[in-house]
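1. Using only what follows, build the 3D model:
(one chain, ligands or ions: 1)
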Amino acid sequence: MKIAVMKETHQEEMRVPLIPPTVDKLVKLGAEVVIESGLGQTCRFEDGDYENVGAVIGTSREEMLQTADIVLRLRKPPMEEITLMKKGCIHISYLDPFNEKELVDRMAEAGISAVSLEMLPRTTLAQKMDVLSSQANLGGYVSVIVGAEQLDKVLPMMTTPAGTIKPARVFIIGVGVAGLQAIATARRLGARVEAFDTRPVVEEQVKSLGAKFVKIDLGETGQTKDGYAKELTPEQVQKQKEGMAKACAQADIVITTAQLFGRPAPRIVDRAIIDQMQPGSVIIDMAVETGGNVEGSEVDKIVEVNGVKIVGLGNLPGRVAQTASQVYSANLGNFVDHFWDKEAKTFNLKLEDEIIKGCLITHQGDVVNEMYKSIMNK
Ligand code: NAD
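-> Residues are numbered from 1 along each chain as shown. Next comes the predicted model:
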């Protein structure tokens, strides 16, 4: 089976989909791996590093797409490349399907089997392929590093001959994968950390990392069967804002990571909260690319409101591109490996498998994903 690995076309993307150790793994499975020249350049991998583990350098992008049985990428494919791929080709990448209806429709029409890695179920078995987790984990780390860099204070407590310096206070809103890593990173840097999430189950996890859980009584909240947060009512959002205001006002750094699966991020830090914050403090809006948790945040900008810096940098994992590529590549390799028929040396797209059911969006001319269809038809 021929696996083509395409170079990213998004100008500012420094991550790469596949690094040589994963190519080695796929070649050993019996796959023919063709990479686009310059694939690993932004992470300092030369074409020769890929050739050394058995990859072939493709002659042209068109030819690679026309002949591939499987196409691997990081970001969604450019629209104009859909019709280049052959019918039955399996395309594996991020797809952002809820915001890319036309792209999904075109992929269905072209007979492509499109896998959206964002839709992998959050199960123990799928953990090794879970790109959302591996990237969110790094995003959480970067959010603290960026926050520390933007703040004009130090994070740890220091006892010095010139007096004692108090630790900075960090407040983290949303304690999924990114939030947990943000707590751990801020704690490692010596900050005093508080956190809040609408899912009460995370309280124990917050405490186990040495942070304080801010309790706000919102009534019934809960989570979906996949562990995602449920959307709050407008009254609950109001209560949450009131409950968080004090923690925000006391914080030097506020990091927001709140997301709702398949929907825009909830707007939870508004102008009234920002107005109560101390000048010089910093807000990192990790949800800026999905609508933003913070009023006034802008993608790839640092906006100042009454002396409070609102940082809306997108693609935080891309700021540690080497590590982010290493884990993304490992996730892709594990996905292909999991469904690889070692006898026939082919990828077995098992339609009845729970993982495939979760993340396969289009197949044989149709949009086949039940979750996608139910959310899009609402
Ligand atoms: P996410 O990115 O969807 O959301 C981030 C966090 O924001 C979540 O913790 C969510 O509860 C929170 N949130 C939503 N609305 C909020 C609000 N108004 N205020 C405050 N917080 C709000 O979450 P994620 O990191 O993808 O994790 C989702 C779930 O999946 C978690 O339960 C996580 O533990 C679980 N998970 C399981 C596996 C696995 O078992 N394989 C892997 C990864 C994650």
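
2. How about the residues of the stretch 201-350 of the chain by the ligand?
-> By the rule CB under 6 Å from any ligand atom, the part of the stretch 201-350 of the chain lying against the ligand is G227, Y228, A229, L232, Q240, T257, A258, Q259, L260, F261, P266, I268. Using the backbone N, CA and C atoms, a C-beta is placed for each residue, glycine as well.

3. Regarding the third one, what are the backbone dihedral angles?
-> Just to be clear, that refers to A229. phi -70, psi 150 (degrees, to the nearest 10).

4. Show me the helices in the stretch 251-378 of the chain, by range?
-> Along the stretch 251-378 of the chain, counting by DSSP state H, counting those that start in this stretch, helices occupy 271-275, 321-338, 354-359, 370-376.

5. and the ones you listed as JSON lines, adding mean neighbour count?
-> What follows is the helices of the stretch 251-378 of the chain, written out as JSON lines (neighbours: other CB atoms under 10 Å):
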{"stretch": "helix 271-275", "mean neighbour count": "15"}
{"stretch": "helix 321-338", "mean neighbour count": "21"}
{"stretch": "helix 354-359", "mean neighbour count": "18"}
{"stretch": "helix 370-376", "mean neighbour count": "14"}
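
6. Dump those helices into JSON lines; add distance to E289 as well.
-> As requested, the helices of the stretch 251-378 of the chain are exported to JSON lines (distance: least, CB to CB, whole Å):
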{"stretch": "helix 271-275", "distance to E289": "20"}
{"stretch": "helix 321-338", "distance to E289": "15"}
{"stretch": "helix 354-359", "distance to E289": "20"}
{"stretch": "helix 370-376", "distance to E289": "18"}
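
7. For these, could you give me TSV that also reports mean pLDDT and distance to D96?
-> As requested, the helices of the stretch 251-378 of the chain are exported to TSV (pLDDT from 0 to 100; distance: least, CB to CB, whole Å):
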stretch	mean pLDDT	distance to D96
helix 271-275	97	29
helix 321-338	98	15
helix 354-359	98	13
helix 370-376	93	11
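
8. Out of the ones you listed, which is closest to H10?
-> In terms of CB to CB, the element of the helices of the stretch 251-378 of the chain nearest to H10 is helix 321-338, at 12.3 Å.

9. Pull the distance from that closest one to the chain's centre.
-> Here helix 321-338 is found 13 Å from its chain centre; the criterion is CA atoms, centre = their mean, to the nearest Å.

10. same thing with stretch 61-69?
-> Remark: stretch 61-69 is offset 28 Å from the chain centroid, using CA atoms, centre = their mean.

11. and what of stretch 307-327?
-> Distance of stretch 307-327 from its chain centroid, counting by CA atoms, centre = their mean, is 10 Å.

12. With stretch 37-46 instead?
-> 22 Å.

13. Kindly report the residues of the stretch 51-200 of the chain close to the ligand.
-> By CB under 6 Å from any ligand atom, the residues of the stretch 51-200 of the chain that approach the ligand are 122-124, 127, 130, 132-133, 136, 173-179, 196-199.

14. how about the strands of the stretch 251-378 of the chain, start to end?
-> 253-256, 282-285, 302-305, 308-311, 340-341, 346-347, 360-363, 366-367 (DSSP state E, counting those that start in this stretch).
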